[in-house]
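Visitor: What follows is a protein structure lacking sequence information:
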């Protein structure tokens, strides 16, 4: 397009700016006015996230649409389209859940609670950069903001040694991931002479090994966020070391931002016509599905089971990428639509599962099989939340996760990668059997241990329950969500 409309560009970046400014305000108020009640910081963060989501809707509808793209300014470096709006709303919703459930850890965080809220806002802001940018430098900046903020969220739990160690290991993994993506994009830039991802696809020589290496390194760097191998251990460490609310915030924000980045960089940027990265995505996806599923069979704690389930979701998201192009009939294979639908379902299932872990911690119940056994009698609400959360992660029918897996497998088959679909289905079946064993343990007779009274704040409990119930509701009203995902995928640049 010609000279971009400055106000339109500002409107597109307004959610990011709003989140960063209010994150700074939250941090300063926590430092200058430490006596403010925790509820003030919680509602400040919630208002920031709701405002950012509203700004994304207003900005998108306020720009004249052309072929589904509201704005493509500065050589398409800033993009306002259906996908960007969908992504920003998902990120804001994920951050909102993290903020509203922070009451479950406010005693443990103490004076660091404002910093926790500020870091949730900056992590969400980094994700919004990934949603609306197609310029390599800004994508690196956005990814950097996300990973540093997530490491910071883990590190604020300084009352225990384990979260600090998990934060350090996550920082090392994040550094490796950023380096991989930076070197990958540097190779792509050297081969094409442009930092605009939209212009890269027309300048690639598909047979050049160096260019294929650039694509591979970029994909490996992005796979870090969704917990896919080889950089998946950080997600298991955070799941094992952090409290339920903190682990839920970190893992769900990482998966949401990672899924969005995969679509914007690999699909919207490079496109599925560059087969080297699509094949690698299939290999990584199959491995990232089967590996955690097999490990889950011997998982000794609910935390590890959920962490492995989150890694499995990352493998499923990578599997959906192989169907992001055209099928044998020349029509879209539906991989992006399946991925966006699954992303919403997976993020909330992860949150629900970790909120259940938070309730176990608050109730003083161990997270191993002995502690879970007979949970339904001792703490019925915790048992119900844990059951729905784990069932959502496993994609048990008739929950929405089951529909997401069908869509992902169908898109992989349509894209010509039936072997990826077989791996994803087999891994889902293995994980589902393991989850059913843990759910069954919660409803069997125990050794008449005493009934426990709920100790989770009411707001955190309600939000966690809403995340769990979403898996059921989304199945009943899947049409609107699929329509939104299809619209975001159809007009993707």
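Guide: Good, I have the coordinates. Worth saying up front: this structure is predicted, and the values here are computed from it rather than measured.

Visitor: Would you mark the buried spots in stretch 380-387?
Guide: Applying a neighbour-count criterion of 16 or more other C-beta atoms under 10 Å, the buried positions in stretch 380-387 are 381-387. C-beta here means a position set from N, CA and C on the backbone, and glycine is covered the same way.

Visitor: you'd agree residue 310 is in a strand?
Guide: No - going by DSSP: H, G, I helix; E, B strand; the rest coil, the assignment for residue 310 is helix, not a strand.

Visitor: Name all residues that make contact with it.
Guide: Taking C-beta atoms under 8 Å, 6 or more residues apart in numbering as the criterion, residue 310 is in contact with 227, 235, 239, 251, 255, 350, 393.

Visitor: now swap in residue 117 and tell me
Guide: Contact analysis of residue 117 by C-beta under 8 Å, 6+ apart lists 23, 26, 41-42, 44-45, 99, 102.

Visitor: 6 Å - rerun?
Guide: Residues touching residue 117, when contacts are defined by C-beta atoms under 6 Å, 6 or more residues apart in numbering, comprise 26, 41, 45, 99.

Visitor: which of those residues has the weakest pLDDT?
Guide: Lowest in pLDDT among the contacts of residue 117 is residue 41, which has 86.

Visitor: quick one, what contacts it?
Guide: So residue 41 contacts 26, 114, 117 (C-beta under 6 Å, 6+ apart).

Visitor: Quickly find the element holding residue 79.
Guide: When elements are assigned from DSSP states H and E, residue 79 belongs to strand 78-81.

Visitor: That strand: what's the following helix or strand?
Guide: Scanning forward in sequence from strand 78-81 by DSSP H and E, the next helix or strand is helix 82-100.

Visitor: can you pull the buried residues of the helix or strand that that next one is followed by?
Guide: Proceeding N to C from helix 82-100, the next assigned helix or strand is helix 106-109, under DSSP H and E. Of the residues in helix 106-109, 106, 108-109 count as buried by neighbour count, 16+ other C-beta under 10 Å.

Visitor: Nearest to residue 480, out of those: which one, please.
Guide: Closest to residue 480 out of the buried residues of helix 106-109 is residue 106 (34.8 Å), distances taken as C-beta to C-beta.

Visitor: The closest one touches residue 37, doesn't it?
Guide: No - look at residue 106 against residue 37 with C-beta atoms under 6 Å: they stay out of range, at 9.9 Å.

Visitor: What does the pLDDT read for the residue lying closest to residue 417 once chain neighbours are set aside?
Guide: Beyond its immediate neighbours in the sequence, the residue positioned closest to residue 417 (C-beta to C-beta, 6 or more residues apart in numbering) is residue 322, lying 4.2 Å away. The predicted local distance difference test score for residue 322 is 89.

Visitor: Who are the contact partners of residue 322?
Guide: Residue 322 sits in contact with 278, 281-282, 412, 415, 417, 420, where contact means C-beta under 6 Å, 6+ apart.

Visitor: from these, which single one is nearest residue 399?
Guide: For residue 399, the nearest member of the contacts of residue 322 is residue 412. The distance, counting by C-beta to C-beta, is 20.6 Å.

Visitor: got the contact list for that closest one?
Guide: Remark: with contacts taken as C-beta under 6 Å, 6+ apart, residue 412 is in contact with 319, 322-323, 420-421.

Visitor: With secondary structure added, can I get those residues in a markdown table?
Guide: Listed next are the contacts of residue 412 as a markdown table, based on three-state DSSP:
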| residue | secondary structure |
| --- | --- |
| 319 | helix |
| 322 | coil |
| 323 | coil |
| 420 | helix |
| 421 | helix |
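
Visitor: and the gap between residue 154 and residue 119?
Guide: In this structure, residue 154 lies at 9 Å from residue 119, with C-beta to C-beta, to the nearest Å as the measure.

Visitor: my bad, residue 297
Guide: Counting by C-beta to C-beta, the gap from residue 297 to residue 119 is 35 Å.

Visitor: Who has more neighbours out of those two?
Guide: Summary of the neighbour comparison: residue 297 and residue 119, criterion other C-beta atoms under 10 Å, with residue 119 having more neighbours (27 against 12).

Visitor: my read is that one is in a helix, agree?
Guide: Yes - secondary structure assignment (three-state DSSP) places residue 119 inside a helix.

Visitor: What is the nearest of the contacts of residue 322 to residue 290?
Guide: Proximity of those to residue 290, judged by C-beta to C-beta, is greatest for residue 420, which lies at 10.8 Å.
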